[in-house]
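# Return atomic coordinates for the entry below.
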Amino acid sequence: KKRLDPSCSIFVGNLPYDIEDESVWQHFSECGTVEGVRIIRDAQFRIGKGFGYVLFDSPLAVTRALKMNDVKLQGRKLRVTKAVKKVKQNKQTRNKEKQIGRFKNKKNGAPKHQNIQKEKKKKNQTSTTKSFEGKRAI
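Model (predicted):
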């Protein structure tokens, strides 16, 4: 297997779910020598998820392939962009970020417990201007 080289790879989105690797291979072969095609599929049902990657032999072929953005393949306009290498996070880092995010307030970024304490203080303070005084409902 060839490893995805971002300088020689493209991301292809909006692929038909039932597309075969060979169709994508043939479609992009006019741009240059295709070294590999990888359609991302559902592990259980083996149906395409609608995107994949194409590996070329040179960055020049990538430039040609990028010009094929919005070109139709099997009735769907393809979305072609440069492949970007994502940095995978390990589970511990991801879980810490979730925990930190859970306690952050969206308005000002302060932890939620500080804002709750401020709200309690506001409730306990009595207003200097009384808007209504009357009998309590029974």
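# For this structure, which segments count as helices?
Along the chain, counting by DSSP state H, helices occupy 21-28, 59-66, 91-102, 112-124.
# Keeping just the C-alphas, turn the first one into PDB.
Output for helix 21-28, consisting of C-alpha atoms alone and laid out as PDB, is shown next (Å, rounded to 0.1, in the frame of the first residue of the first chain):
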ATOM      1  CA  ASP A  21     -12.500   2.600  -7.100                       C
ATOM      2  CA  GLU A  22     -12.000   1.800 -10.800                       C
ATOM      3  CA  SER A  23     -14.500   4.600 -11.800                       C
ATOM      4  CA  VAL A  24     -12.600   7.200  -9.800                       C
ATOM      5  CA  TRP A  25      -9.300   5.800 -11.100                       C
ATOM      6  CA  GLN A  26     -10.400   6.200 -14.700                       C
ATOM      7  CA  HIS A  27     -11.900   9.700 -14.100                       C
ATOM      8  CA  PHE A  28      -8.700  11.100 -12.700                       C
END
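# which of the residues in it are buried?
23-24, 27-28 (16 or more other Cβ atoms under 10 Å). Where you see a C-beta, it was placed from the backbone N, CA and C, and this is true even at glycine.
# where does residue 1 land on pLDDT?
With respect to pLDDT, residue 1 scores 49.
# cool, residue 6 as well?
We have a pLDDT of 78 for residue 6.
# doesn't residue 83 make contact with it?
Yes. Counting by Cβ atoms under 8 Å, residue 6 does reach residue 83; the two are 5.1 Å apart.
# More neighbours: which of the two?
Of the pair residue 6 and residue 83, residue 83 is the one with more neighbours under other Cβ atoms under 10 Å, namely 18 against 14.
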